[in-house]
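*Asks:* How does the following fold in three dimensions:
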Amino acid sequence: MCEEQTVSLVDVVQEDDELQEEASAVLAGSDSERCSYPQGYVKRQALYACNTCTPKGGQAAGVCLACSYKCHEGHDLFELYTKRNFRCDCGNGKFADVPCKLFHAKDDVNGLNKYSHNFFGEYCTCRRPYPDPEDQVDDEMIQCVLCEDWLHGRHLGCDVPDCVELREMICESCMNTNAFLWSYAARLAVPGAAVESDAAKETGADAVRADEEDDATEPSRKRVRVEEGEPSCGLKALQSAGAERVGSGAVFWRSGWRSRLCRCDACQASLSAAGLSFLLDESDTVLAYEKKGESEEGGAPGHDPLMSALDNLNRVQQLEIIHGYNDMKSELKDFLQGFVAEGKVVTSDDIRQFFERQHSRKRRQADGRFHCA
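*Replies:* Numbering: from 1, shown residues only. Okay, the predicted model is just below:
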């Protein structure tokens, strides 16, 4: 018996469920029907760049989820995942004679938007496309919290920790631009991700133990401790204690690190001047956005009766369903490749029509209208 037949159908369904949940988490937090422009600079949303309307050499621009469907169908789009504090550019002065079909009264330029080489389909310090047809290395891409660029794991200059999807990362360039973050890194970074001095390691280990004790007693409170005689600024206290992570490379941060940043007036003013006030907002994170998307899609999945039914099938029945599932999956892949070849965006109507044709074909086969030769 071939190895492929030993795969459990439960595993197959669970894998597809995970992919669907990931897509829902990203897209459900954004409106697929209405342009986001009237909302102003949206805190976080799914974004796309249109290589057809704003090619490299022109002005960078980004469009919201709804405009990617309604105004740029069939265009060559770059998926940007999510960006913070962005206002939809679709149809403004950067798009020449291509108006927005969903909202017409737009300013020529959204002056507070931030752009990068991502808007021209280039990512990482290597400025390569994603997916990259010339890259044979199996490597994940991770988004920087500050610049929001996507970087290959092998180009971060540090080890990528386990459970990376739960860790926020700041790239080396952003760390050096905002050097005060190295002081926080000694206490709040994931241990062992980069080269550290002995003093920083000791400080970090003490911090981990202290934070574990705090989490055991008060897991949800933001703790600010100011002992008598200590500076009121938590950052200055770290710096005066010599707590600075010595090393290079990107920094991965431990869960809850934002709540432990100093919130004194001076630090808040410094963060504001640097355009980093969002670091004090724990709802700014991509993880919070994804949870919001999952919630708007109906919340966490409960008990699935289909999974229970699969567990009760015998091995022969499971294999028959696996073969049927694999056939359908292959046909769906061929169907979607047509959209890729034409540079078109797949809509929910396209997917529904695909499954309607599948259902109709299966019904005709069951009626005996088709016969094998």
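
*Asks:* What residues of stretch 89-101 count as buried?
*Replies:* Neighbour-count burial for stretch 89-101 flags Asp89, Cys90, Gly91, Asn92, Lys94, Phe95, Val98, Cys100 (criterion: 16 or more other C-beta atoms under 10 Å). The C-beta positions use only the backbone N, C-alpha and C, and glycine is treated the same way.

*Asks:* which of those lies closest to Gly275?
*Replies:* Closest approach between those and Gly275, by C-beta to C-beta: Asp89, at 19.8 Å.

*Asks:* possible to save the buried residues of stretch 89-101 as JSON lines with pLDDT?
*Replies:* Output for the buried residues of stretch 89-101, formatted as JSON lines (pLDDT from 0 to 100):
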{"residue": "Asp89", "pLDDT": "98"}
{"residue": "Cys90", "pLDDT": "98"}
{"residue": "Gly91", "pLDDT": "96"}
{"residue": "Asn92", "pLDDT": "96"}
{"residue": "Lys94", "pLDDT": "96"}
{"residue": "Phe95", "pLDDT": "94"}
{"residue": "Val98", "pLDDT": "87"}
{"residue": "Cys100", "pLDDT": "97"}
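
*Asks:* possible to save these as CSV with secondary structure?
*Replies:* Formatted as CSV, the buried residues of stretch 89-101 follow (DSSP: H, G, I helix; E, B strand; the rest coil):
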residue, secondary structure
Asp89, coil
Cys90, coil
Gly91, coil
Asn92, coil
Lys94, helix
Phe95, helix
Val98, coil
Cys100, coil
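
*Asks:* Let me know the closest of those to Ala341.
*Replies:* Taking C-beta to C-beta as the measure, Ala341 lies nearest Val98 of those, at 22.7 Å.

*Asks:* who touches that closest one in this structure?
*Replies:* Contacts for Val98 were tallied using C-beta atoms under 8 Å, 6 or more residues apart in numbering; they are Cys53, Cys71, Gly91.

*Asks:* surely the first one meets Asn92?
*Replies:* No - no contact is recorded between Cys53 and Asn92 when judged using C-beta atoms under 8 Å, the distance being 11.0 Å.

*Asks:* bridging residues for Thr82?
*Replies:* Thr82 has these beta-bridge partners by DSSP bridges: Ala46.

*Asks:* ok, now which ones touch it?
*Replies:* Contacts for Thr82 (C-beta under 8 Å, 6+ apart) come out as Val26, Gly29, Arg44, Gln45, Ala46, Leu47, Val286, Tyr289.

*Asks:* which one of the residues you listed is nearest Phe335?
*Replies:* Proximity of the contacts of Thr82 to Phe335 was ranked by C-beta to C-beta; the top entry is Val26 with 21.7 Å.

*Asks:* What distance do you get for the closest one to Val286?
*Replies:* 9 Å (C-beta to C-beta, to the nearest Å).

*Asks:* just to revisit the earlier point, give me the common contacts of Cys53 and Asn92.
*Replies:* Common contact partners of Cys53 and Asn92 (C-beta under 8 Å, 6+ apart): Ala61.

*Asks:* ok so, going back, which among the buried residues of stretch 89-101 gets closest to Ser173?
*Replies:* Asp89 (25.4 Å).
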